[in-house]
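> Sequence and computational prediction follow.
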Amino acid sequence: MMIADTDVLIDFLAGAEPWAKRIRLELQGGRLHTTSLTAFELLAAARGKKQRAAVEKLLDALTVLPVDRAVGEQAARLQREHDSTTTRMCMQDAMVAATCLHHRGVLLVRDARRFDRVAGLILSVASRGD
């Protein structure tokens with residue numbers, strides 16, 4: 001299962017490569033999911049009817065994974081674990097990472113550094129050659 005983070009979906013909506021191509025391929029294969037937090041972030045950032053319609057169309061094509069108690073508990077553990085490190089994990093990243101871990105998904109992300117310290121989390125970053 002592929003789970004797209006907010007940054008790659010924003011790039012997709014803007015037509016930015018390599019994400020536009022990668023997201024189209026994942027959508028065609030029916031493998032692409034996202035988190036309810038990412039859905040919130042996209043909807044909150046949409047300005048005007050055109051952007052809102054594009055976001056809604058994209059979200060309709062994805063499976064949006066909910067945050068339930070198990071995900072919330074795992075996110076809280078992640079945030080506590082990384083609270084004492086030099087680089088703190090923000091609540092949003094903890095929720096996305098916990099959702100991916102709970103569903104055993106691969107996280108599609110532009111900036112792997114935000115998540116590379118999460119044990120067991122599998123990341124996928126598109127290269128210019130994808």
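Yes, it's here.
> lowest-confidence helix or strand of this structure?
Using mean pLDDT, DSSP states H and E, the weakest-scoring helix or strand in the chain turns out to be helix 19-28, at a mean of 86.
> helices and strands around that helix, which ones?
strand 2-4, helix 6-14, strand 106-108 (3 or more CB pairs under 8 Å, 6 or more residues apart in numbering; DSSP states H and E). All C-beta spots, glycine's among them, are computed from the backbone N, C-alpha and C.
> Could you give the separation of it from the chain centroid?
On the basis of CA atoms, centre = their mean, to the nearest Å, the separation between the geometric centre of helix 19-28 and that of its chain is 14 Å.
> go on, stretch 2-12?
Using CA atoms, centre = their mean, we find the averaged C-alpha position of stretch 2-12 to lie 6 Å away from the chain's own average C-alpha position.
> picking that back up, what's in contact with the least confident helix or strand of the chain?
The contact list for helix 19-28, computed with CB atoms under 8 Å, 6 or more residues apart in numbering, reads 2, 4, 8-9, 11-12, 32, 61-62, 108, 110, 126, 130.
> Name every strand pairing with the helix or strand containing residue 64 and say which way it goes.
In this structure, residue 64 sits in strand 63-65 according to DSSP states H and E. Strands adjacent to strand 63-65 in the sheet, as given by DSSP bridges, are strand 32-35 (parallel).
> what's the strand it pairs with in contact with?
Under CB under 8 Å, 6+ apart, the answer for strand 32-35 is 1-5, 9, 23, 26, 59, 61-65, 67, 95-96, 99-100, 103, 105.
> re the thing from before, can you add distance to residue 43 and mean neighbour count and give the helices and strands packed on helix 19-28 back as a markdown table?
Supplementary listing: those in a markdown table, determined by distance: least, CB to CB, whole Å; neighbours: other CB atoms under 10 Å:
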| stretch | distance to residue 43 | mean neighbour count |
| --- | --- | --- |
| strand 2-4 | 15 | 25 |
| helix 6-14 | 11 | 19 |
| strand 106-108 | 19 | 22 |
